[in-house]
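Colleague: Build me a model:
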Amino acid sequence: MVCVLTPLSLSAGDFSSQRGAPNGALATPHSTWHHLTCPDPVSNQPAPAASQGPVQGLANDDLSLGTSQSCPETQTQPVSRLPVEVLDEIFSYAKPLTLARVALVCHSFEGVATRLLYRHIPSLSLSLTTRCLETLVSKPSLAAHTRTWEVGDTSFFDASRKGLLPPTFFKLLQSALHNMHRLTELAFLLNGPTSHVLLGAPFKLTKLTAFCDFDATFASWLTEQTSLRAAIFCGNLTAGVTLPSDALPSLRRVAAAPLTLACVLPGRSIREVELCLVHPWTLSPDVLQTTIRVIAFSKGPLDSLKIISHLAEPSETVLSALAVIPSSLNSISKLELHAVSGSISDDILSGLPPILSRFTGLKSLTLFSKNKSDALHAAASTRTLAATWHTTCASLESVTLAGATYVHNRYYGWVTSRDLAELPTARGKSLQCRAADLCKREASLDDERRAVQDAREPVHGGLAPELGVQREGGASIVAIAA
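Modeller: Prediction:
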């Protein structure tokens, strides 16, 4: 069966901007891709493979959207004759479901919609990922459109860890990756020694998230990624693996555990570091001291440090660990602490001022905790902490506490970002009121000026004749009647 949609079947609800998504690309809702179905009305089965269109790999097992047709109605519509650049701009705001439907309208729409549909491929289940891989392998032209790709989801973790993924899956994955010449962002969420499928791929990434083991194969592939600027390494580091000093020359941001950071940081100009202290690592002075020593081997200069950790230790231990940071990294401008478990107590909050006073250029401080009942969330609604910390660290300009961001303004003090956005409006209203007051004052002055002029006119024009005033030459003769 071939599905043909009317050319103007789009609704306003089908459009939503995807440009504001984090990292730009992988924010497509997972459920959206499960509704791209068009079963045959007779057999209630998908249409034959021969009639399946180019978007078949991105839907569920019932997807059969058919092929696009040249619709006589659209050929007479001005919208079908719009330039490709204009159509690309319009369709970029459409959801995947809408793009799949638009691809069936006519050939001109099919090219634009298909390109956008395959530009950003989100995380899919194992069965959907397999179908998508089959499509990308059989149609390399579609894989050439892909810019960002997230391979795997939570269902892959156990499968890849237990070796349940079939060998054919990795063959399809390797073939699909070798067809993606323009891929720039990759989330490789496959655990274990799975990086062999990346070897020889033609793309040059700028952003990478990798759950695979950091072994010799993975290190060898990283030497090919000369354009990589941001990387998150979540896999286990294999003992004895080293990274050549000339690898990853463009890397500026890295997130990893301490041992992986020790392999990646030395000799590279890293500006932002995310220290992941999850099991078995803990937030302690020894761990922080070791990490700072590793950062010292980076060319830097380091600008931002983010710590992601469990806070199961006593407050004294946490404060002692944080106190190690300004001893060697007092010039950083951004510091973040994210507690994935535990709580940020009152003792930690009250013990921060002496630590913050040792920073020379700290501008931004962020504290985050998942425990919504801790002291951090209780204090997030007040400006007291930000004002107190600013007295000890004068360079501090922004404080984020559990989602509430406060910005320092030299006229208004510490205000929220929302208040800061409303300040121009309030300022405009204030100026309007001042302008209205000035207008009233000018009008009042004009009235007074006229009154004065009216009062002075008899002096210049002569006194009233009944007073008997006469002018003779330069003197005035006043005759007063008896």
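Colleague: helices or strands next to the longest helix out of those in the chain in the packing?
Modeller: Longest helix of the chain, by residue count under DSSP state H: helix 417-461. Using 3 or more Cβ pairs under 8 Å, 6 or more residues apart in numbering; DSSP states H and E, the elements in contact with helix 417-461 are strand 404-409. The way it works is simple: take the backbone N, C-alpha and C, and place the C-beta from them, glycine included.
Colleague: what angle sits between the strand it packs on and helix 417-461?
Modeller: Here the directions of strand 404-409 and helix 417-461 differ by 40 degrees (axes from the mean of the first three to the mean of the last three Cα atoms, to 10 degrees).
Colleague: and strand 404-409, which residues are buried?
Modeller: By 16 or more other Cβ atoms under 10 Å, the buried positions in strand 404-409 come out as 404-408.
Colleague: any idea which of these is closest to G235?
Modeller: T405 (33.0 Å; Cβ to Cβ).
Colleague: hmm, back to that, quickly name whichever of the buried residues of strand 404-409 is closest to A100.
Modeller: When the buried residues of strand 404-409 are ranked by distance to A100 (Cβ to Cβ), T405 comes first, at 38.3 Å.
Colleague: Name all residues that make contact with the nearest residue to the closest one once chain neighbours are set aside.
Modeller: Leaving out its chain neighbours, the residue that sits closest to T405 by Cβ to Cβ, 6 or more residues apart in numbering is S417, at 4.8 Å. Listed by Cβ atoms under 8 Å, 6 or more residues apart in numbering, the contact set of S417 reads 405-407.
Colleague: pLDDT at S417, what is it?
Modeller: At S417, the model reports a pLDDT of 73.
Colleague: For stretch 231-241, give the mean pLDDT please.
Modeller: pLDDT averaged over stretch 231-241 gives 93.
Colleague: do stretch 316-324 as well
Modeller: Stretch 316-324 comes out at a mean pLDDT of 93.
Colleague: Which positions within that stretch qualify as buried?
Modeller: In stretch 316-324, counting by 16+ other Cβ under 10 Å, buried: 318-324.
Colleague: Now do R81, the pLDDT please.
Modeller: R81 is given a pLDDT of 76.
Colleague: Number of residues surrounding it?
Modeller: 10 (other Cβ atoms under 10 Å).
Colleague: Could you list the low-pLDDT ranges of the stretch 101-250 of the chain?
Modeller: 153-164 (pLDDT under 70).
Colleague: Tell me which other helices or strands the helix or strand where L385 lies touches.
Modeller: According to DSSP states H and E, L385 maps onto helix 384-392. Contacting helix 384-392 under the criterion 3+ Cβ pairs under 8 Å, 6+ apart are the following elements: helix 352-356, strand 398-401, strand 404-409, strand 413-416.
Colleague: now the ones you listed as TSV including distance to G235?
Modeller: Listed next are those as TSV, based on distance: least, Cβ to Cβ, whole Å:
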stretch	distance to G235
helix 352-356	33
strand 398-401	30
strand 404-409	33
strand 413-416	39
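Colleague: Of these, which is nearest H178?
Modeller: It's strand 398-401; of these, that one is closest to H178 (Cβ to Cβ) at 42.3 Å.
Colleague: Could you export that closest one as PDB, CA atoms only?
Modeller: In PDB, the C-alpha atoms belonging to strand 398-401 read as follows (Å, rounded to 0.1, in the frame of the first residue of the first chain):
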ATOM      1  CA  SER A 398      27.000  34.000  39.500                       C
ATOM      2  CA  VAL A 399      25.700  31.400  42.000                       C
ATOM      3  CA  THR A 400      23.500  28.500  41.100                       C
ATOM      4  CA  LEU A 401      21.800  26.600  43.900                       C
END
